[in-house]
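Novice: only the shape, not the letters, is given here:
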């Protein structure tokens with residue numbers, strides 16, 4: 001068996017600002033091959049037991065548990081949760097919206113949309129005047145009602161580009177590729 005190395009714990013260098021300036025964000029944690037392999041197992045099956053993880057990695061169950069706990073403590077693993085198939089719940093209309101907003105209203109509009117049940121994900125983009133929104137609804141009329149309720153006749157919303165998903169080719173779950 002090709003065992004991943006059991007390298008040092010997750011390291012996240014802290015940035016210290018002695019000049020009174022705000023500190024820069026900490027650098028990304030450096031992951032060992034073992035931790036990367038462990039995370040890939042959890043991305044595929046978040047319910048994998050410590051014994052299953054240990055068996056796949058060729059390490060002890062206690063070591064697998066310690067690595068998972070270290071990754072949780074460092075913030076690399078934020079949570080364990082269920083991935084729900086929206087289509088099985090009748091949420092069959094998947095739409096992506098690119099919304100241009102007056103910069104002074106960007107955060108308020110973003111928060112209002114984030115509070116909507118239809119919104120699955122929402123991002124403020126680097127131009128600081130646009131939002132990228134993924135919405136799920138059970139039908140086109142329901143989506144239209146959402147748009148009319150939250151986007152139409154609002155002077156702070158400058159434009160909306162709407163695209164409905166035809167086919168999902170890839171949907172990476174669990175964050176970054178390791």
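Specialist: Yep, that arrived. Keep in mind that this is a model prediction, so the values were computed, not measured.

Novice: what about the strands in this protein?
Specialist: Assigned by DSSP state E, the strands in the chain fall at 93-101, 119-124, 130-137, 157-164.

Novice: the inter-axis angle of the shortest one versus strand 130-137?
Specialist: Between the direction of strand 119-124 and that of strand 130-137, the angle (axes from the mean of the first three to the mean of the last three Cα atoms, to 10 degrees) works out to 180 degrees.

Novice: and the contacts of strand 119-124?
Specialist: By Cβ atoms under 8 Å, 6 or more residues apart in numbering, the surrounding residues in contact with strand 119-124 are 86, 106-107, 110, 113-114, 130-136. (Each C-beta comes from the backbone N, C-alpha and C, glycine too.)

Novice: now, among these, which is nearest to residue 73?
Specialist: Ranked by distance to residue 73 (Cβ to Cβ), the contacts of strand 119-124 are led by residue 114 at 27.8 Å.

Novice: name the nearest residue to that closest one, sequence neighbours excluded.
Specialist: residue 122 (5.1 Å; Cβ to Cβ, 6 or more residues apart in numbering).

Novice: count the residues that sit near that neighbour.
Specialist: 19 (other Cβ atoms under 10 Å).

Novice: and it, what pLDDT?
Specialist: Note on residue 122: pLDDT of 98.

Novice: please apply the same query to residue 21.
Specialist: For residue 21, the predicted pLDDT is 50.

Novice: just the one 3 residues further on next, same as before
Specialist: The model reports residue 24 with a pLDDT of 55.

Novice: and if you look at residue 45?
Specialist: 89.

Novice: where in the chain is the helix or strand with the lowest mean pLDDT?
Specialist: helix 33-44 (a mean of 92; mean pLDDT, DSSP states H and E).

Novice: and it, what does it pack against?
Specialist: For helix 33-44, the packing partners by 3 or more Cβ pairs under 8 Å, 6 or more residues apart in numbering; DSSP states H and E come out as helix 50-57, helix 61-73.

Novice: residue 102 - nearest residue in space that isn't next to it in sequence?
Specialist: Residue 102 sits nearest to residue 156 (Cβ to Cβ, 6+ apart), 4.5 Å away.
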